[in-house]
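>>> Coordinates for the following, if possible.
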Amino acid sequence: MIGIAVITILGSLLHFVFDWSGQWYPIGIIAAVNESVWEHFKIGFWPALFFGFFEYGFIRNRISNFYIAKAAGIYAIPVTIAILFYSYTAIFGVEILAVDILIFIIAIAICQIISYKILTADRLPHWFNTAGIILIVLLGILFAVFTFFPPHLPIFLDANTGTYGIH
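Sure thing, here's the model as predicted:
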């Protein structure tokens with residue numbers, strides 16, 4: 001429950017930090033640089049990752065499966081956001097800020113539930129944790145690269161400005 005609150009608050013702040021920084025490009029790696037769906041994935045990823053680092057210090061001696069648990073939870077964020085956002089906007093034809101915020105909170109809750117279930121499961125083979133590390137690093141790299149070099153696909157488009165990535 002603490003993780004859900006912390007990640008939601010940090011993610012909400014990261015929605016605004018790029019503008020607060022005077023649009024300092026390096027901060028754009030972790031903060032949303034526009035209103036695209038992709039950037040909303042990013043503001044869930046980094047707080048979940050940072051919270052995982054914090055959490056690890058307290059639970060490392062009592063759990064197994066840490067990295068695969070965190071990877072599975074973190075990957076659930078963009079999947080949940082994409083499914084729920086594109087479903088409701090396809091049905092209703094409009095974006096509703098309150099629904100977008102609720103979707104973000106639901107995605108974070110699902111992230112933490114999945115992570116908890118895997119953390120408390122029986123020990124998985126070691127390669128699962130290795131795969132978890134690789135998956136987390138890969139997604140972090142994608143967020144950094146696509147901030148500056150986004151493909152011209154709808155998920156990267158800021159519908160408010162008609163731009164992609166950092167501008």
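
>>> buried set for the longest helix along the chain?
In the chain, with assignment by DSSP state H, the single longest helix is helix 66-92. Within helix 66-92, the residues scored as buried using 16 or more other C-beta atoms under 10 Å are 66-78, 80-82, 84-85, 88. (C-beta placed from N, C-alpha, C; glycine too.)

>>> and if you look at stretch 145-157?
Those buried within stretch 145-157 under the rule 16+ other C-beta under 10 Å are 146-147, 150, 155-157.

>>> Next: stretch 90-101.
residue 100.

>>> same question, stretch 7-16
Neighbour-count burial for stretch 7-16 [16+ other C-beta under 10 Å]: 7-8, 10-11, 14-15.

>>> Switch those over to a markdown table, and while doing so, append secondary structure and distance to residue 122 to every line.
Converted to a markdown table, the buried residues of stretch 7-16 look like this (DSSP: H, G, I helix; E, B strand; the rest coil; distance: C-beta to C-beta, whole Å):
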| residue | secondary structure | distance to residue 122 |
| --- | --- | --- |
| 7 | helix | 26 |
| 8 | helix | 30 |
| 10 | helix | 31 |
| 11 | helix | 31 |
| 14 | helix | 35 |
| 15 | helix | 38 |
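
>>> Turn these into TSV, columns for pLDDT.
Formatted as TSV, those follow (pLDDT from 0 to 100):
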residue	pLDDT
7	90
8	86
10	91
11	89
14	88
15	90
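
>>> Contact partners for residue 74?
44-45, 48-49, 52, 111, 136, 139 (C-beta atoms under 8 Å, 6 or more residues apart in numbering).

>>> Distance of it relative to residue 2?
Noted for residue 74: a distance of 17 Å to residue 2, by C-beta to C-beta, to the nearest Å.
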